[in-house]
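Enquirer: sequence and predicted structure below; questions after.
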Amino acid sequence: MHKNKKIAVLSHLLVWFMLFCMPYLLSYGQAQEINRVIAHFWIPLVFSAIIFYFNYFVLIDRFLFPKKMVQFIIINVLIIVFFLFLKEYIEDTFYQDLVKKRSTETEGGRPPFKMFIYVQILSYMAPLLFSIALKSTKRWVQTEAERKEAANFKLKSEIQHLRYQLQPHFFFNSLNNIYSMVDISPEQAKSSIHSLSKLMRYMLYETNVEQILLSKEIDFMKKYIDLMKLRVSDKTIVNYHFPSEETGVKIAPLLFISLIENAFKHGVSAHNESLIEINMTCKDQKVLFTIKNDNYPKQTTDKSGSGIGLQNLEKRLQLLYPNKYSFKTSVKDNRFLVNLELET
């Protein structure tokens, strides 16, 4: 910001320096009357600079933007009229020779004095209008930047909220699964609690970032799948395949866990054979994740989950990967299919 201010100051100085040098640049090689340059060019230029900066730093913010148009117009009219009379007074007092020449030239067919005043008024209107345009543009840019910052803050807050919402949801469902093992296999329940603590440590301390390496997320999913396999019977077969090599791809954390949770929640039967197939491929910065599992809809009396997992996922995808993802679910031959594709 400090650097931008320096550049702005230097730009203003350069512009005014060029304007002051304009008489010599336009009449290079010709004789110049210094008194004429001062009276007809430099003095009006100083008045223009005063009009510009007085409006830019004071009047526009105090009167124009708060929509006090009448006061704004009256003050500027008074300033312009004052400078017109002041210029005439300076010329009459200090540059009498120029006044006599102007009178002679007017009699010789030059534009009348009224036209000269009209041109002067227009010349003072130019810095006024330019200051309004410049200040309005600056205000628009600042407002737009603030709007984007507010939208970005809202986006981050919403994503953070969804992430925090996921953690207790995940923890609640995992505890339900461990609870069902306590009476049947206490040792397995102990082992599951230990595994769950590792998973929660990952969720609490390693996922508080915008993106994480896909390899870390894969390791987390493998541990979760192994934890879930402890609670299912031998009738359930779980096959999974993940990229074995480091891809360097980064993704938003905890995107896929809801889908795996959903497969174990709705794709496993206590009495029938069940098959869960999980597959992930990564190519050209695209991640394709698919899950196929048997479809055993949850009974209405089953309160083991709140059903927010997939809704949470869809909201996060909309916020994190707008126009860069494809998420489809379907049921075919009594098997639930999930297909998620991401462009990282």
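Expert: In hand now; what should we look at? It should be emphasised that the depicted structure is a prediction, and the values quoted were computed from it without experimental measurement. Residues are numbered from 1 along each chain as shown.
Enquirer: can you tell me how far residue 132 sits from residue 121?
Expert: Relative to residue 121, residue 132 is positioned 16 Å away (CB to CB, to the nearest Å). For glycine as for every other residue, the C-beta is placed from the backbone atoms N, C-alpha and C.
Enquirer: an error on my part: the question was meant for residue 224.
Expert: Distance check for residue 224 against residue 121: by CB to CB, it reads 78 Å.
Enquirer: residues contacting residue 291?
Expert: Listed by CB atoms under 8 Å, 6 or more residues apart in numbering, the contact set of residue 291 reads 259, 260, 262, 263, 276, 277, 278, 279, 336, 337, 338.
Enquirer: so where's the stretch 101-250 of the chain uncertain?
Expert: Counting by pLDDT under 70, the stretch 101-250 of the chain has low-confidence residues at 101-116, 150, 152-170, 180.
Enquirer: what about the strands in it?
Expert: Remark: strands of the stretch 101-250 of the chain, listed N- to C-terminal, are 212-213, 236-241, 250-251; assignment by DSSP state E, counting those that start in this stretch.
Enquirer: give me the more crowded residue out of residue 132 and residue 121.
Expert: Looking at residue 132 and residue 121 with other CB atoms under 10 Å, you find the greater number of neighbours at residue 132, namely 17 against 13.
Enquirer: touching, that one and residue 60? I think so.
Expert: Yes - with the criterion set as CB atoms under 8 Å, residue 132 and residue 60 qualify as a contacting pair; they are 6.3 Å apart.
Enquirer: any chance you could map the helices in the stretch 51-200 of the chain?
Expert: For the stretch 51-200 of the chain, the helices defined by DSSP state H, counting those that start in this stretch cover 69-94, 96-107, 113-182, 186-205.
Enquirer: can you spell out the domain ranges of the chain, please?
Expert: Domain ranges of the chain: 2-148, 156-343, per automatic domain parsing.
Enquirer: buried deepest among those, which one?
Expert: For the domains of the chain, the largest average neighbour count (mean count of other CB atoms under 10 Å) is found in domain 156-343, namely a mean of 15.
Enquirer: from the chain's centroid, how far away is that one?
Expert: When distances are taken as CA atoms, centre = their mean, to the nearest Å, domain 156-343 is centred 30 Å away from the chain's centroid.
Enquirer: tell me which of the contacts of residue 291 fall in strands.
Expert: Within those, residues falling in strands by DSSP state E are 276, 277, 278, 279, 336, 337, 338.
Enquirer: and of the residues you listed, the nearest to residue 65?
Expert: Using CB to CB, the shortest approach to residue 65 within these belongs to residue 338, at 53.2 Å.
Enquirer: my read is that that closest one contacts residue 261, right?
Expert: No - contact status for residue 338 versus residue 261: not in contact, 11.6 Å apart, counting by CB under 8 Å.
Enquirer: if we can go back for a sec, wait, which of the helices of the stretch 51-200 of the chain is closest to residue 55?
Expert: That would be helix 113-182 among the helices of the stretch 51-200 of the chain, by CB to CB, at 4.2 Å.
Enquirer: tell me the spacing between residue 273 and residue 5.
Expert: Between residue 273 and residue 5 the distance is 72 Å, computed by CB to CB.
Enquirer: wait, I meant residue 210
Expert: The separation that residue 210 has from residue 5, given CB to CB, amounts to 31 Å.
Enquirer: list the contacts of residue 253.
Expert: Neighbour list for residue 253: 163, 206, 207, 209, 211, 212, 217 [criterion: CB under 8 Å, 6+ apart].
Enquirer: would you say it is within a helix?
Expert: No - secondary structure assignment places residue 253 outside any helix; it is coil (DSSP: H, G, I helix; E, B strand; the rest coil).
Enquirer: need phi/psi at it.
Expert: Residue 253 adopts backbone torsions of phi -70, psi 150, taken as degrees, to the nearest 10.
Enquirer: cool, residue 290 as well?
Expert: phi -130, psi 140.
Enquirer: any idea what it is bridged to?
Expert: With DSSP bridges as the criterion, residue 290 is bridged to residue 279, residue 339.
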